[in-house]
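Novice: quick one, fold the following:
(2 chains)
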Amino acid sequence: MALPIYASPLERIWHYSYLVICTAIFVFLVAPILVVLPLSFNIEPYFTFTPKMLALDPAGYSLRWYDMLLTDGMLAPEVPRVGAWWSDMWQNATWVKAAKNSLIIGFWSTILATVLGTLAALGLSRPEMPYRRVIMAILISPMIVPIIIIATGLFFFYSSPCGIVGLDCGRLTATYAGVDMAHATLGIPFVIITVTATLTGFDQSLIRASASLGANPRTTFFKIVMPLILPGVISGALFAFVTSFDEVVAVLFIAGPEQQTIPRQMWNGIREAISPAILAVATILVIFSILLLATVEILRRRSERLRGVTPQ
Amino acid sequence: MSEAAVLLTTSDGRPLKAALAAAQARAKRRAFWLVAPLLLFIVITFIIPIGQMLHRSVYHDGLSANAPLVGAWFATNPPGTAPDEAAYAALAEDFKAMKANKTAGIAGTRVNYTLPETRSLFTATARSADKLAPPYKEALLALDEKWGSPDVWEAMRSASSAYTADFYLISVDMERAADGSIQRVPENTRIYVYLFVKTFLLSGLITIACLVLAFPVAHLLAVLPMSKANLLMICVLLPFWTSLLVRTTSWIVVLQGQGIVNDVLVALGIISEDGRLAMMYNQTGTIIVMTHVLLPFMILPLYSVMKTIPPSYARAARSLGATSWTTFRRIYLPQTLPGIGAGALLVFILAVGYYITPALVGGADGQLISNFIDFHMDKSNWSLAAALSAMLLAGVLVLYWLYDRLIGIDNLKLG
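Specialist: The predicted model follows:
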């Protein structure tokens, strides 16, 4: 952004202070996230930089909090780290169990949200779809309605899911299926938004061309439509996964101790005694989100290239 | 077209108009069937649960289910009838049943919403219910004088109907007076109106903070060349993709009493060791962290609007003699209004219902309405939690409707 040649001295001063302000805002956005990365290697159980860390003395750094993530909750963490130790860790370590749960719940809720959401987005982007606006508003609303209201509603509903039709079919509280469904509901708006956004640039005549060349609707869908909307579907799926992976309120209300997830474990950690092990988890999650962000960016560019939209 | 116009038909002889209508109806059905599975899913996992919960806000069968005989007496005697021996007998029988089923607490809780301090009366009476013998009026009055009070009987009458608006009255700090009129509760027990006002004010403040911070950044992103803008965009999207709990943890590390900001300020000698700033576990903490969390939701819509504003308009204004301030105020700013509206509404909607951040960093005075809903859920005041939820939901839905009217949900963009 170059300054025009006719700028007055006052405008010059403003221009540079504007750049300083913008820099400060970017620091505000990113610095708090990056600050946990070095602190997670602190050898002391403090949440601040020790003099040794500032002096870049290797003695001030350690991996002890990462080690704690593996050993916390193990039956026998002291034995030599051979086969038995690893299987003990895999079975019993609290954070490892939480990570497994988060991945399992994230996986199933993403599948559910992506399949249902993509189908619906295909229907919604057809011009002949009836009541398009109202249905779209309903399907996006899980993103808008406060999470505490959704969680409270599910808490009552799950305690007797068939009660509304006068039957008794057990409970959905403290089950994986219950959490999967709740997280899928929360992820669906993101899938709808990303897939319909991809479909707005979609050239409908491609479908007619394919049909006129003799392809049946199935072939048309898998050979023509799917490859073109795939980037949108994948980024919608990633959004849905991240939503599930980061969700804590619904889990607090409807999950049992068996469904302990990483966010819930972190929530407990922050509310009770905050231990530097949380910073180690936070670091891993930040790296994870950087990878996800990179994936989505690549997909977005690929989608624009495929659809022939010049990158802005 | 003349009246004698030939009726157009398809090749198989059907009128063209009918054939077209049939084809369109088929296309409509096809589109609808694609959406139907998801719609069904959302109805089951989202609409029904919320509807059920809202039902609770007007329905509480604590007394009607556990004291059916008293309920029957109320039904046959008009309001204002003084309780006779039959009424006391019904009450005593109900108490014996409540003692056996251990439900006196539930019934008492229901009456307690209408008339405070009656729950203990119920639980205490149920404890000695087995000893009650005719004449029941004397027996009950001997247990507690309050059983002779018309207030208690009127409260029980109003609570004996399972459907009630009492929980909404409580959520707006109102109560029923002894004569049945509705009045505000005493000044020192008013909480909820203040809480709603506080939630809306804080959300407004956060929205303004987001707008002030997002505007320059979005403008910079919009005018920079693509390659540089993409790089900076990552700085906006990284917080967006990072776990909310991670961001909250980071802010605790940065802002707490022994945190980095305070350490730096002490080291620089700006504040003394005892004068460390309290920026966490209070309202300040809630505002700072929520502004950070919601900032991307403001930057992204602003950016997408600003990107479409041609720079030639501003140049034209300058060439016609406008100062840079006038150009900004009269030419640039009005064109960004759709983005400002979209971002501000979205941030405000999300802020009003926020739960996690205030719960973790809000301390005592930084709690919002969502946290009180959680508090009442925790205390098993389910109907009150539902009434508060219903009011919050109504507010959010009005804003959502406004968003759809002004901006359109289709224009919601993520990254």
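
Novice: residue B:153 and residue A:127, how far apart?
Specialist: 64 Å (Cβ to Cβ, to the nearest Å). Glycine gets a C-beta too; all of them are placed from N, C-alpha and C.

Novice: which of the two has more neighbours?
Specialist: residue B:153 (21 against 8; other Cβ atoms under 10 Å in any protein chain shown).

Novice: over to the residue found closest to residue A:200 once you drop the neighbours it is linked to in the chain: give its phi and psi.
Specialist: Excluding the flanking residues, the one nearest residue A:200 by Cβ to Cβ, 6 or more residues apart in numbering or on different chains is residue A:125, at 7.1 Å. Dihedral pair for residue A:125: phi -90, psi 0, per degrees, to the nearest 10.

Novice: cool, and residue B:364?
Specialist: Dihedral angles for residue B:364 - degrees, to the nearest 10 - are phi -90, psi -40.

Novice: please identify the helix or strand for the nearest residue to residue B:85 once chain neighbours are set aside.
Specialist: Once flanking residues are discounted, residue B:85 sits nearest to residue B:137: 5.5 Å by Cβ to Cβ, 6+ apart. Using DSSP states H and E, the element containing residue B:137 is helix B:136-143.

Novice: now do the contacts for the residue nearest to residue A:200.
Specialist: Contacts for residue A:125 (Cβ atoms under 8 Å, 6 or more residues apart in numbering or on different chains) come out as A:196, A:199, A:200, A:202.

Novice: and of the residues you listed, the nearest to chain B?
Specialist: residue A:196 (7.0 Å; Cβ to the nearest Cβ).

Novice: give me the residue from the stretch 251-400 of chain B nearest chain A.
Specialist: Closest approach between the stretch 251-400 of chain B and chain A, counting by Cβ to the nearest Cβ: residue B:353, at 2.5 Å.

Novice: now do the phi/psi pair for the residue of the stretch 1-150 of chain A found nearest chain B.
Specialist: Nearest residue of the stretch 1-150 of chain A to chain B: residue A:146, at 2.5 Å (Cβ to the nearest Cβ). Residue A:146 adopts backbone torsions of phi -50, psi 140, taken as degrees, to the nearest 10.

Novice: residues in contact with the spatially closest residue to it that is not a sequence neighbour?
Specialist: Spatially, and ignoring its direct neighbours in sequence, residue A:146 is nearest to residue B:353 (2.5 Å; Cβ to Cβ, 6+ apart). With contact set as Cβ under 8 Å, 6+ apart, residue B:353 has these partners: A:145, A:146, A:147, A:148, A:149, B:369, B:370, B:392, B:396.

Novice: same thing but at 10 Å, please
Specialist: A:144-150, B:199, B:203, B:368-370, B:373, B:389, B:392-393, B:395-396 (Cβ atoms under 10 Å, 6 or more residues apart in numbering or on different chains).

Novice: about what we covered before: narrow the contacts of residue A:125 to those that are buried.
Specialist: A:196, A:199, A:202 (16 or more other Cβ atoms under 10 Å in any protein chain shown).

Novice: now the closest residue to residue A:246 other than its chain neighbours, what are its backbone angles?
Specialist: In space, residue A:246 comes closest to residue B:243 once its chain neighbours are excluded; the distance is 4.6 Å by Cβ to Cβ, 6+ apart. Dihedral pair for residue B:243: phi -50, psi 140, per degrees, to the nearest 10.

Novice: again, but for residue A:82
Specialist: Torsion angles, degrees, to the nearest 10, at residue A:82: phi -120, psi -160.

Novice: ok, and the closest non-adjacent residue to residue B:222?
Specialist: Closest to residue B:222 by Cβ to Cβ, 6+ apart is residue B:306, at 3.7 Å.

Novice: what of residue B:215?
Specialist: residue B:302 is the one closest to residue B:215 (Cβ to Cβ, 6+ apart), at 6.6 Å.

Novice: quick one: mean pLDDT over whichever strand or helix holds the one you found.
Specialist: Using DSSP H and E, residue B:302 maps to helix B:283-306. Mean pLDDT, computed over helix B:283-306, is 93.

Novice: buried set for the next helix or strand after that helix?
Specialist: Later in the chain than helix B:283-306, the nearest helix or strand by DSSP H and E is helix B:311-319. Across helix B:311-319, burial judged by 16+ other Cβ under 10 Å covers B:314, B:317, B:318.

Novice: tell me the confidence at the last one?
Specialist: The predicted structure scores residue B:318 at 87 on the pLDDT scale.

Novice: how about residue A:309?
Specialist: 53.

Novice: follow-up on the earlier one: mind listing residues that contact the helix holding residue B:137?
Specialist: B:83-93, B:95, B:121, B:124-125, B:127-129, B:131-133, B:135, B:146-148.
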